[in-house]
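# Requesting a structural model of the entry that follows:
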Amino acid sequence: MGIYTAASSNATCDMISNTVLPFKVNAGILLAVNIVLGFAGLALNLVVVVSLLSSQLRKKLCYFMIFILSCFDILLVVLAHPALIVDTLNVLFEIELYSMEWYYFIPLSALSLTALFTTTLERYLALVYPFFHHKFVTKSRLIVILALTQIPFWIPFFVFKSKSATSYIKRYYIGLHTGVLLVMFILNRKIYILVEGLRQRADIPMGNLVGSEQQRNIAKKRKVRLGKVSTCLLAVLCSSLCFFPTLIFLGVDSESAKDGCVPLEIEHNWILLWAKTFLAMNSTLNSLIFFYKNSVLRRRGNEVIAKGFSVFKRLLRRQ
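Numbering: from 1, shown residues only. Presented below is the predicted three-dimensional model:
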């Protein structure tokens, strides 16, 4: 009996030693990713906000919505990545620091999603129904639409008092996020097809030079519009990829809870942390997409960065 106990104890120690190193490596990667994304997301979104505040671009509705989206992304970066770092330390060292629960995390990330949805809707109305957009779409009305789209994501807080409803709320979030992403894809697909068709019909004909010049101007405008559409479409695709791990996790977790299965606690926590990291990563990728695809914003952002470095150098010289 003593031999069996010793053998089983040695096997357990070997199992623990074999799993400690991968967990530490995973934790190190998770910490590094969240630290880098936290600083990068904060810096890039601040450049977007300052660039729009210090220029006349913010007066245009499309750039106004990019400004709102960047503000929400700053909020998410400031709150989410430090919370994920603390959560990683909790799991790694088995300590009890403050941890942000998933049902706070998802509505917080939905701020960015609803801002992107409102941006998509504004672009759709501007390109498909330009007269309606010019006459009725204003900044205040876009803010109202943004506020209304956020309400469904905060409704479950009134239900969380009942622990038995948790699995239903997870499925509710899965359906809600999937529906919003699907609607954005449909709207972007329609406006992309419309603008691409207009661009193809604006090909420059041979012959009349005046007509050719007019056609060049039209083609240039179509190209700019197509660029804005592709930027929004790329942002929607990026959001879908970042939300996908969380949706999968919520689906598997709700089904496991319904069947009475309890997953291994450590692995469960690591999967959840990586899903949250991908969710928060979307805020950093949004700013990268707008800088990469929008030449006007990129040019203005480079000016802001150059001015920031010059001010920093002056401060160093004074010291």
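
# Name the residues of the host helix or strand of residue 196 that come out as buried.
Element membership for residue 196 (DSSP states H and E) is helix 166-201. Going by neighbour count (16 or more other CB atoms under 10 Å), the buried part of helix 166-201 is 166-167, 169-170, 172-174, 176-177, 180-181, 184, 187-188, 191-192, 194-195, 198-199. Any C-beta I mention is one placed from the backbone N, CA and C, and that applies to glycine too.

# and if you look at stretch 45-54?
Of the residues in stretch 45-54, 45, 46, 47, 48, 49, 50, 51, 52 count as buried by neighbour count, 16+ other CB under 10 Å.

# Looking at those residues, spot the one nearest residue 246.
Closest approach to residue 246 among the buried residues of stretch 45-54 (CB to CB): residue 45, at 20.8 Å.

# Which SSE is immediately downstream of the host helix or strand of that closest one?
Element membership for residue 45 (DSSP H and E) is helix 2-53. Heading C-terminal from helix 2-53, the first helix or strand you meet, by DSSP H and E, is helix 61-93.

# what separates that following helix from the chain centre, distance-wise?
9 Å (CA atoms, centre = their mean, to the nearest Å).

# And that helix, what's buried?
So, applying 16+ other CB under 10 Å, buried residues of helix 61-93: 61-74, 76-77, 79-81, 83-85, 87-88, 90-92.

# need the next SSE after the lowest-mean-pLDDT helix or strand in the chain, C-terminal direction.
Least confident helix or strand, the chain: helix 209-259 with a mean of 65, by mean pLDDT, DSSP states H and E. Once helix 209-259 ends, the next helix or strand along the chain (criterion: DSSP H and E) is helix 265-293.

# starting at the chain centroid, how far to the next helix or strand after that following helix?
With elements assigned by DSSP H and E, the helix or strand that comes after helix 265-293 is helix 295-318. Helix 295-318 has its C-alpha centroid displaced from the chain centroid by 26 Å (CA atoms, centre = their mean).

# Helix 295-318 vs helix 265-293, what angle?
Here the directions of helix 295-318 and helix 265-293 differ by 100 degrees (axes from the mean of the first three to the mean of the last three CA atoms, to 10 degrees).

# pLDDT on helix 295-318, on average?
For helix 295-318, mean pLDDT rounds to 78.

# So for that helix, what gets flagged as buried?
297, 300, 301, 304.

# Wait, the last one touches residue 49, no?
What it means is residue 304. No - with contact defined as CB atoms under 8 Å, residue 304 does not count as touching residue 49 (9.6 Å).

# nearest residue to residue 239 other than its sequence neighbours?
residue 282 (5.5 Å; CB to CB, 6 or more residues apart in numbering).

# Am I right that the one you found is in contact with residue 111?
No - Residue 282 is not in contact with residue 111 according to CB under 8 Å; the separation is 11.0 Å.

# still on that earlier bit, what's around the residue nearest to residue 239, how many residues?
Neighbourhood size, residue 282 [other CB atoms under 10 Å]: 23.

# Tell me the spacing between the nearest residue to residue 188 once chain neighbours are set aside and residue 192.
Leaving aside its sequence neighbours, residue 188 sits nearest to residue 233 (CB to CB, 6+ apart; 4.4 Å). For residue 233, the distance to residue 192 equals 6 Å [CB to CB, to the nearest Å].

# shared neighbours, those two?
The contact sets of residue 233 and residue 192 do not overlap (CB atoms under 8 Å, 6 or more residues apart in numbering).

# Tell me the pLDDT of residue 168.
pLDDT at residue 168 comes out at 77.

# ok, now the one 10 residues further on?
Confidence per residue is given as pLDDT, and for residue 178 that number is 88.

# ok, and the closest non-adjacent residue to it?
Computed as CB to CB, 6+ apart, the closest residue to residue 178 that is not its neighbour in sequence is residue 247, at 6.8 Å.

# gap between that neighbour and residue 304?
From residue 247 across to residue 304, the span is 36 Å (CB to CB).

# if we take the buried residues of stretch 45-54, which one ends up nearest to residue 240?
For the buried residues of stretch 45-54, the nearest to residue 240 is residue 45 (20.1 Å; CB to CB).

# and the buried residues of helix 295-318, which two are the farthest apart?
So, the buried residues of helix 295-318 by CB to CB: farthest apart are 297 and 304, at 10.2 Å.

# Now the common contact residues for those two.
With CB under 8 Å, 6+ apart as the test, residue 297 and residue 304 both reach residue 51.

# How about the contacts made by the residue nearest in space to the middle of the chain?
For the chain, residue 282 is the residue whose C-alpha lies nearest the centre (CA atoms, centre = their mean; 2.8 Å). Neighbour list for residue 282: 109, 112, 238, 239, 242, 243 [criterion: CB under 8 Å, 6+ apart].

# Next, find the distance separating residue 86 from residue 24.
For residue 86, the distance to residue 24 (CB to CB) stands at 17 Å.
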